[in-house]
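Student: Here is a sequence with its predicted model. Questions after.
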Amino acid sequence: MDNILKLEIKNSEGTVLASDQGAHFVNLVYSSEYQKGDSITLSVTQKNSFLIIQFDSVLNPAFVYMKGDSYTYEIPFDEKRFSYDPKTFTGALHLLKARTARPEEIALYKNLALNDHDTHTNDACFPHAKANIETRGESVFAARNAINGNCENRSHGKWPYESWGINRDPEALLTLDFGREICTDKIVLVCRADFPHDNYWKQVELGFSDGTTQTLFLEKSDLPHEFKIFPKKTTFITLGKLIKDDTLDSPFPALTQIEVYGTEST
């Protein structure tokens, strides 16, 4: 049975401004400027399917697991746009894409945490990052920034220096939900490294859906921290018990990116 994919652009009142659909593949061209309240909705006839999506030519294409039958993405404006490349969703000509992932793309060993199309309200299109704390509720410190594929970590604030900020709270917890079971054997953490403004975590704890944990030890560095772990099947990963270095004056450790390498669980 074909998976019918449908892309729609709607305004704040729910009126459909543009729409297109196709079996396993759809492109939508929108020849107008976005307005506040506009949103993009991706619908599928087959839940629990793997897709490649790209809602704007500036966003990174995302390999996603579509757990629900529709996903609505609100076009960011004003402060919410600060964590995006300023060219994103601008202009009067837009191309949106979605297609079914090929079997070889599904089977590929890759970064399963990557999703430049994640939002706070996402409950259908995985992976999804969320946190119990985000500094001042600002978009440039939102959890979604840690899975958008941008590893530039030598400053902080607006794009390209967005990060997950914890508001100085050591009880901060990041949860990365995959929406299904995956198998991982490598974790990469890119810590924000705007020294001397920043501090860093010398120790963090990974948690998995089976209740097990693993402690990781980090160093002061602007380079990625790569950790090989025993192959682990899990539906989510948490990052918590964040212990910052106590020899530095700065109270501001933060995470630029988390990468989770592995395959679909078999």
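Tutor: Ah, there it is.
Student: quick one, what contacts P251?
Tutor: For P251, the contact set (CB atoms under 8 Å, 6 or more residues apart in numbering) comprises 168, 199, 244. Yep, even glycine has a C-beta here, placed from its N, CA and C like the rest.
Student: which among the residues you listed gets closest to E264?
Tutor: E264 has its nearest neighbour among the contacts of P251 in K244, at 35.0 Å by CB to CB.
Student: thinking again about what came up before, of the contacts of P251, which is the most crowded?
Tutor: Neighbour tally across those (other CB atoms under 10 Å): the maximum, 23 neighbours, falls on N199.
Student: a helix runs through it, doesn't it?
Tutor: No: looking at N199 with DSSP: H, G, I helix; E, B strand; the rest coil, it is coil, so not inside a helix.
Student: Surely it touches L242?
Tutor: No: the pair N199 / L242 is not scored as a contact, 10.4 Å apart, by CB atoms under 8 Å.
Student: any residues in contact with both of these two?
Tutor: Common neighbours of N199 and L242, using CB under 8 Å, 6+ apart, are P253.
Student: before we move on, back to that, quick one: the contacts of P251 as CSV, columns for distance to A142 and pLDDT too.
Tutor: Below are these laid out as CSV (distance: CB to CB, whole Å; pLDDT from 0 to 100):
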residue, distance to A142, pLDDT
R168, 16, 94
N199, 20, 97
K244, 20, 96
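Student: Turn these into a markdown table, columns for distance to N132.
Tutor: Formatted as a markdown table, the contacts of P251 follow (distance: CB to CB, whole Å):
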| residue | distance to N132 |
| --- | --- |
| R168 | 14 |
| N199 | 20 |
| K244 | 17 |
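Student: quick one: which of those is nearest N60?
Tutor: When these are compared against N60 (criterion: CB to CB), the nearest one is N199, at 28.8 Å.
Student: Next up, the contacts around that closest one.
Tutor: Counting by CB under 8 Å, 6+ apart, N199 touches 244-245, 248, 250-253.
Student: Same question for A113.
Tutor: So A113 contacts 127, 129, 147, 176, 258-260 (CB under 8 Å, 6+ apart).
Student: quick one: which of the residues you listed sit in strands?
Tutor: Here DSSP state E is the test, and those give 129, 176, 258-260 as lying in strands.
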